[in-house]
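>>> Structure for the following, please:
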Amino acid sequence: MKVSEHLGEFHKAAADHHTQMIGAHEAALTKAKDMKEGGEHLTAFHKSAIASHQTMADYHEAAMEECSKAIAASDLAKNRIVPDGVRGIIPNAPGVIAVPRAGQRQLDKTVVDTELEGVLALPDDE
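Prediction:
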């Protein structure tokens, strides 16, 4: 699972949780309004909690959208067509050929001093 998929699931769960909490506070707010004593304090608390949960639900829904965009962009990048003949990785073997970039001068083969041949030699494959 990709990180963006994992985060998307987290943000969905968090948004759902905050939405459920809004429902719970709205139900409690109805009861608080009917109370004769202390009702105004509870009403203020539940209204504040509803606003806070709404802010967090909106944040997680927006983050969930960003994760969806990242997943879609990643899927598009995976399906890109790569032209043939492009050498992205140079093998670690004798006979490796350097591929010059477009417009670059031709690379000359460097002559190595006979004294340094042993130092620069690649180990033989067994």
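
>>> Point out where the chain drops to low pLDDT.
In the predicted model of the chain, residues 76-77, 79-98, 107-110, 112, 120-126 satisfy pLDDT under 70.

>>> What residues sit buried inside the longest helix that it contains?
Longest among the helix segments of the chain by residue count, using DSSP state H, is helix 39-78. For helix 39-78, burial by neighbour count (16 or more other C-beta atoms under 10 Å) applies to 43, 46, 49-50, 53, 56-57, 60-61, 63-64, 67, 70. The way it works is simple: take the backbone N, C-alpha and C, and place the C-beta from them, glycine included.

>>> same thing with stretch 113-121?
Under 16+ other C-beta under 10 Å, stretch 113-121 has no buried positions.

>>> okay, the buried residues of helix 39-78 in a markdown table with distance to Met1 next?
Below are these laid out as a markdown table (distance: C-beta to C-beta, whole Å):
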| residue | distance to Met1 |
| --- | --- |
| Thr43 | 43 |
| His46 | 37 |
| Ala49 | 33 |
| Ile50 | 33 |
| His53 | 28 |
| Met56 | 24 |
| Ala57 | 24 |
| His60 | 19 |
| Glu61 | 21 |
| Ala63 | 17 |
| Met64 | 15 |
| Cys67 | 12 |
| Ala70 | 13 |
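
>>> and which of those is nearest Ala27?
His46 (9.1 Å; C-beta to C-beta).

>>> residue contacts, that closest one?
Listed by C-beta atoms under 8 Å, 6 or more residues apart in numbering, the contact set of His46 reads 25-26, 28-29, 32.
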